[in-house]
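# Got a sequence here, can you model it:
(one chain, ligands or ions: 1)
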Amino acid sequence: MTPRRIIIVGSGPAGLTAAIYAARAGLAPLLFEGEAIANNDLPGGQLMTTTEVDNYPGFPLGVSGPELVASLRQQAERFGTEIVSRRVTALDLSRRPFTVATVDQSYETASIILSTGAKARMLDLPDIWSWLNRGLSTCATCDGFFFKGQDVAVVGGGDSSMEEAIYLSRLVRSVTVIVRRDQLRASNAMVERAKTIANIKWRWNSQIVAVDGGDRLASIMLTSTTKARAVSLAVSGLFIAIGHDPCSELVRGQLKLDAKGYIVTEPSSRATSVSGVFACGDVQDSHYRQAITSAGSGCEAALDAQRWLEQRVLQSEPTVMSR
Ligand code: FAD
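Residues are numbered from 1 along each chain as shown. So this is what the prediction gives:
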């Protein structure tokens, strides 16, 4: 089989934007869209789980996550992206051309863009995900605005929990930070800042044991090592900030990852530690984690891959551009 010029793994905003750019550059990308993570049975990444995206530029009235992904997909296909409804099960980056395998087929490619995203860690409570879009959130930047003037809680004791609480404190009436221990893991600077904010309250040594409500979340039940009985806290929003796991298992041991498993890219490009392999979106970004930043880095990865392929052709590797 003739090697492809470029294979993209992932169909979130990063992968689909990379596909739009690669397809318009004439690289005929093949994109593996992976599996559905939401109830609607459609792949497309984290945005498929959200009903309202209000901060993606170009949609003055907002757009639902699935609609946004469908538009990106349509745009990628319009320029000739070939989309395969499969999960990639293995990659071999040790030899060129690289090999990309699914359960039933294997493909060769000169270059790869990885855009496999990340997953928010969740509380271990039955049916907790069913509260998503009904008061439960994993992203204050995305959803904080919807809770203006209300009482909310943030779970977690690390830097990201402090960031979420500080961000929310400017929008909501009160933020209660639920911390499992009697101290925080967050950096001193963050803790000091959060502790000076009047509408941030603290529940130490506490754990959420249940979430209650009707159509929308209305309260959480907390157990505490200092109180005998579980207590109820009335909140309309619950923000989970206990970390994210990048979906980088395919390249563990093959690409340089940071201590948390995020793919390391070069400071001013989306190139990874293996020449010809690029990464974009949440799988290489533990900091911004937004649809627009993922799309932006998808564009960068495609431009980097295109330039890399062009240089290879100039360096007399004609097979690279053979397809
Ligand atoms: P993802 O969207 O996670 O996509 C990853 C893709 O990789 C998926 O298609 C998956 O199927 C695929 N994949 C993974 N492994 C494989 C494999 N082995 N083979 C093939 N495919 C694979 N951001 C905003 O800007 N605004 C918002 O309002 C907003 N709301 C959000 C609400 C929720 C509930 C969540 C969870 C996130 C929200 N975000 C929002 C964040 C935003 O969704 C992410 O930052 C963005 O989707 C990341 O894009 P990505 O393409 O990097 O990864």
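# so the residue nearest to A70 when sequence neighbours are not counted, which of the three states?
Taking CB to CB, 6 or more residues apart in numbering, and ignoring the residues beside it in sequence, A70 has G44 as its nearest neighbour in space, at 7.7 Å. C-beta: built from backbone N, CA, C; applies to glycine. Remark: G44 carries the secondary structure label coil [criterion: DSSP: H, G, I helix; E, B strand; the rest coil].
# helix, strand or coil for M122?
Here M122 takes the coil state, with states given by three-state DSSP.
# Report the contact partners of the residue nearest to A70.
Residues near G44 by CB atoms under 8 Å, 6 or more residues apart in numbering: S11, G12, E33, A36, G65, P66, V69, A70, R73.
# Can you report how many residues neighbour the residue in the stretch 51-200 of the chain that the ligand sits nearest to?
Nearest residue of the stretch 51-200 of the chain to the ligand: G117, at 2.2 Å (CB to the nearest ligand atom). For G117, the tally of surrounding residues (other CB atoms under 10 Å) stands at 26.
# How about Q46?
Taking other CB under 10 Å as the neighbour definition, Q46 ends up with a count of 24.
# What of A218?
For A218, the count of nearby residues is 14 (other CB under 10 Å).
# Give me the three-state assignment for it.
Here A218 is recorded as strand under three-state DSSP.
# and if you look at the one 10 residues further on?
Here A228 is recorded as strand under three-state DSSP.
# State the distance from it to the ligand.
Between A228 and the ligand the distance is 35 Å, computed by CB to the nearest ligand atom, to the nearest Å.
# Including secondary structure, distance to A228 and pLDDT, could the contacts of G44 go into JSON lines?
JSON lines is the format used below for the contacts of G44 (DSSP: H, G, I helix; E, B strand; the rest coil; distance: CB to CB, whole Å; pLDDT from 0 to 100):
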{"residue": "S11", "secondary structure": "coil", "distance to A228": "50", "pLDDT": "98"}
{"residue": "G12", "secondary structure": "coil", "distance to A228": "46", "pLDDT": "98"}
{"residue": "E33", "secondary structure": "coil", "distance to A228": "51", "pLDDT": "97"}
{"residue": "A36", "secondary structure": "coil", "distance to A228": "44", "pLDDT": "82"}
{"residue": "G65", "secondary structure": "helix", "distance to A228": "42", "pLDDT": "95"}
{"residue": "P66", "secondary structure": "helix", "distance to A228": "45", "pLDDT": "95"}
{"residue": "V69", "secondary structure": "helix", "distance to A228": "48", "pLDDT": "97"}
{"residue": "A70", "secondary structure": "helix", "distance to A228": "51", "pLDDT": "97"}
{"residue": "R73", "secondary structure": "helix", "distance to A228": "53", "pLDDT": "97"}
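# which one of those residues is nearest V264?
Nearest to V264 among those: G12, at 19.6 Å, using CB to CB.
# who are the neighbours in contact with the closest residue to the closest one other than its chain neighbours?
Residue nearest to G12 in three dimensions, not counting chain neighbours: G45, with 2.8 Å by CB to CB, 6+ apart. In this structure, G45 makes contact with G10, S11, G12, P13, G15, G34, I37, V69, G117, judged by CB under 8 Å, 6+ apart.
# most surrounded residue in those?
Taking other CB under 10 Å as the neighbour criterion, G15 ranks highest of these with 37 neighbours.
# The ligand contacts on the chain?
9-15, 32-35, 43-47, 49-50, 53, 55-56, 87-88, 115-117, 120, 132, 138-139, 142, 247, 250, 281-282, 289-292, 294 (CB under 6 Å from any ligand atom).
# what do you get if the cut-off is 5 Å, keeping everything else the same?
By the criterion of CB under 5 Å from any ligand atom, the positions of the chain lying close to the ligand are 9-14, 32, 34, 43, 45-47, 49-50, 53, 87-88, 115-117, 142, 247, 281-282, 289-291, 294.
# hey, which helix or strand in the protein has the poorest pLDDT?
Of all helical and strand segments in the chain, the minimum by mean pLDDT, DSSP states H and E falls on strand 227-234, at a mean of 89.
# which other helices and strands contact that strand?
Secondary-structure packing of strand 227-234 (3 or more CB pairs under 8 Å, 6 or more residues apart in numbering; DSSP states H and E): strand 206-213, strand 217-224.
# And the last one, what does it pack against?
Right, strand 217-224. For strand 217-224, the packing partners by 3+ CB pairs under 8 Å, 6+ apart come out as strand 206-213, strand 227-234, strand 237-240.
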